[in-house]
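In: How does the following fold in three dimensions:
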Amino acid sequence: MFQSADQASVMADAKTYVLKDLDADAFHADLLAAKAAVGEATEADARHLQGIVRAMHVLLYGGHALLFLGTAQAWGLSAAATCLLAAAMISTGRCMRWTIVGHHVMHGGYDKLQRSRPGCLEPQYKRGVFAMGARRVLDWMDWMLPEAWDAEHNSMHHLYLSENKDPDLVENNFSMMHSLPIPKVLKYLSMLGWMASWKYAYYSPNTFKELQFACKGSWLTKRWPASTSREKPLVLTHIVFENPARALLRGAFGELAFWACFLLLWLGVVVPMAAMVALPAATPLLLSTVGAWPFAAAPADAAWRALAVAALAESLTNAHSFIIIACNHAGEDLYRYETSCKAYTAEWFCRCAHSSVNFECGNDLIDSLYGWLNYQIEHHMFPDMSLLQYRKLQPLVQSICKKHGVLYVQQNALRRMWQMFRIAAGDAKMIRCTALIPPKVESAGVADSPLLGG
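Out: Down below sits the predicted model:
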């Protein structure tokens, strides 16, 4: 992704106070009543999460078993079908591990349940424990550090949704593409490359950067180059090529050393995941060295085939997660803001609806394929709920928004992806807005909520 939009262009044609006639107090009260009506999580929520985790493990471990079978046999139609099925299973399992399990657990969706009913759920399914430290290997190994994702997503994206501070604001992040002197078709085709690589090309370095700023005493934060804006997204090409090259051309050798250190530290984050992806390719070679490869395919051929399947699975899971994540806050029918607001106020709840999109929802199959991100409006309103609680809350929130004239968009993800592509390519703009509700003194809401990482 690319550099931030120019502030002057963002201010142009901004709307002011779209919901002037909203009964903010009634809307706020209705939403809190809906959350109360859903109730607290129960043992049923714990069993449901355990079922999702089992399904995820079946896909991941079963997919790797099929990968081994597909690469060990002689190449043919059966081997090709087995390899493709393996890639699809691994891809889906990895996506579920992040978007369903990691995402909701690290928002604290099961923390209250852990406290109210000790022992009903394994202790690792708790914020601050899940995937932390050595548990990263067991719970959620991916291209980004779990604590870095928490700093970027929980503490920045949720608190500053669709503001200039939002690190996931698509319109800002792709603003450089808008003015590139290339045919539009190339702009749209370039999005396919981002889809297949975005976790390690964008999300991993950018979340690592946000982690450094969250840790004020970090060595990298203290030495952050003045020539690089904190708000500018940091992507793979920046830390490997662009930023070091600019420092070298200016003769800023201290800055050049900084980017070398940043790259080395970041590589410590991604190398374990790269090793896990490449492990299936190493297996035939390791087995053959100890004389334990009695299969039809030659070990070298099997290794190359396994590497290709593993790379395909990783590209598929990148694309899958991109479709269900990147497009649910982008579109010409959604709003972005020039001011901030307190969490859990009426303005906050309105922004969650006016800047988010839900997808189809209602059963485990659809919800799992969408990574449970199809309840995006409800999730941004109340980030610390369980999977089943969101399913119960969704029709209530939809009805309340309709009652009060608050925007509520629910759309198929592929249609929404096209709208996001138009924003990224510069063919459409989000609606600029100072705020949704005229300012007033509000007692409800907090500026920094522990549920959001504040």
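
In: okay, CA-based contacts and neighbour counts for the rest of this
Out: Fine.

In: Any regions of the stretch 1-150 of the chain where pLDDT drops low?
Out: Where the stretch 1-150 of the chain drops to pLDDT under 70, the residues are 1-14.

In: ranges for the helices of it?
Out: With helices called from DSSP state H, counting those that start in this stretch, the stretch 1-150 of the chain shows them at 7-11, 24-38, 43-72, 77-96, 103-106, 111-116, 135-139, 146-149.

In: which residues touch the fifth one?
Out: Outside of helix 103-106, the residues within contact range by CA atoms under 8 Å, 6 or more residues apart in numbering are 110, 111, 125, 126, 127, 128, 130, 150, 384, 385, 386, 387.

In: where's it relative to the chain centroid, distance-wise?
Out: 11 Å (CA atoms, centre = their mean, to the nearest Å).

In: Got phi/psi on residue 174?
Out: When read as degrees, to the nearest 10, the backbone of residue 174 gives phi -110, psi 20.

In: Wait, it touches residue 422, no?
Out: No. Contact criterion CA atoms under 8 Å: residue 174 and residue 422 do not qualify, at 10.6 Å.

In: what residue lies at the spatial centre of this structure?
Out: The residue lying closest to the centre of the chain (CA atoms, centre = their mean) is residue 325, at 5.5 Å.

In: Now do the closest residue to residue 88 other than its chain neighbours, the pLDDT please.
Out: Of all residues not flanking residue 88 in the chain, residue 313 sits nearest, at 6.3 Å (CA to CA, 6 or more residues apart in numbering). As predicted, residue 313 sits at a pLDDT of 98.

In: how deep is residue 313 tucked in, by neighbour count?
Out: 25 (other CA atoms under 10 Å).

In: for residue 111, same thing?
Out: 20.

In: Can you name the residues that contact it?
Out: Contact analysis of residue 111 by CA under 8 Å, 6+ apart lists 105, 125, 126, 127.

In: Check the gap between the second one and residue 319 for me.
Out: Distance of residue 125 to residue 319, computed by CA to CA, to the nearest Å: 27 Å.

In: go on, residue 74?
Out: Distance of residue 74 to residue 319, computed by CA to CA: 30 Å.

In: the more surrounded of those two?
Out: residue 319 (22 against 17).

In: and the closest residue to the more buried one other than its chain neighbours, how many neighbours?
Out: Leaving aside its chain neighbours, residue 319 sits nearest to residue 195 (4.6 Å; criterion: CA to CA, 6+ apart). A total of 20 residues lie near residue 195 under the criterion other CA under 10 Å.

In: Isn't the residue nearest to residue 88 up against residue 91?
Out: Yes. Between residue 313 and residue 91 there is a contact under CA under 8 Å: 4.9 Å.

In: can you pull out the helices in the stretch 301-450 of the chain?
Out: Counting by DSSP H, counting those that start in this stretch, one finds helices in the stretch 301-450 of the chain at the ranges 346-354, 364-369, 376-381, 387-404, 413-425.

In: would you list those helices in TSV and tack on distance to residue 138?
Out: TSV is the format used below for the helices of the stretch 301-450 of the chain (distance: least, CA to CA, whole Å):
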stretch	distance to residue 138
helix 346-354	33
helix 364-369	21
helix 376-381	26
helix 387-404	21
helix 413-425	30
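
In: Export those helices as CSV, with columns for mean neighbour count and distance to residue 139.
Out: Formatted as CSV, the helices of the stretch 301-450 of the chain follow (neighbours: other CA atoms under 10 Å; distance: least, CA to CA, whole Å):
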stretch, mean neighbour count, distance to residue 139
helix 346-354, 24, 29
helix 364-369, 17, 18
helix 376-381, 25, 22
helix 387-404, 18, 18
helix 413-425, 21, 27
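
In: Can I get those in a markdown table including mean pLDDT and distance to residue 57?
Out: A markdown table is the format used below for the helices of the stretch 301-450 of the chain (pLDDT from 0 to 100; distance: least, CA to CA, whole Å):
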| stretch | mean pLDDT | distance to residue 57 |
| --- | --- | --- |
| helix 346-354 | 97 | 32 |
| helix 364-369 | 96 | 13 |
| helix 376-381 | 98 | 25 |
| helix 387-404 | 98 | 18 |
| helix 413-425 | 94 | 25 |
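
In: Can you tell me which of these is nearest to residue 296?
Out: Closest to residue 296 of these, according to CA to CA: helix 364-369, at 35.4 Å.

In: elements contacting that closest one?
Out: Counting contacts by 3 or more CA pairs under 8 Å, 6 or more residues apart in numbering; DSSP states H and E, helix 364-369 is packed against helix 77-96.

In: Now do the buried residues in the helix it packs on.
Out: Within helix 77-96, the residues scored as buried using 16 or more other CA atoms under 10 Å are 79-80, 82-96.

In: How about stretch 41-60?
Out: Buried residues in stretch 41-60 (16+ other CA under 10 Å): 41, 42, 45, 46, 49, 50, 52, 53, 56, 57, 59, 60.

In: Distance check, residue 320 against residue 373.
Out: From residue 320 to residue 373 the distance is 12 Å (CA to CA).

In: Same check on residue 349?
Out: 17 Å.

In: got it, and residue 165?
Out: From residue 165 across to residue 373, the span is 22 Å (CA to CA).

In: same thing with residue 283?
Out: Applying CA to CA to residue 283 and residue 373 gives a distance of 35 Å.

In: Between the two, point out the one with more neighbours.
Out: The neighbour comparison of residue 283 against residue 373 (other CA under 10 Å) goes to residue 373, with 26 against 16.

In: ok, the more buried one - contacts?
Out: Contacts of residue 373 (CA under 8 Å, 6+ apart): 99, 100, 324, 325, 358, 359, 367.

In: shouldn't the last one be in contact with residue 361?
Out: To tie it back to what came earlier, the one meant is residue 367. Yes. With contact defined as CA under 8 Å, residue 367 reaches residue 361; the gap is 5.7 Å.

In: so what sits against both of those two?
Out: Taking CA under 8 Å, 6+ apart as the criterion, residue 367 and residue 361 both touch residue 374.

In: model confidence over the helix ranked longest in the chain, on average?
Out: What stands out as the longest helix in the chain, according to DSSP state H, is helix 253-289. Per-region confidence: helix 253-289 scores 96 on mean pLDDT.

In: Quick one: classify the residue lying farthest from the centre of the chain as helix, strand or coil.
Out: In the chain, counting by CA atoms, centre = their mean, residue 291 sits farthest out from the average C-alpha position, at 43.2 Å. At residue 291 the chain is in coil, as set by DSSP: H, G, I helix; E, B strand; the rest coil.

In: Perfect, that will be all.
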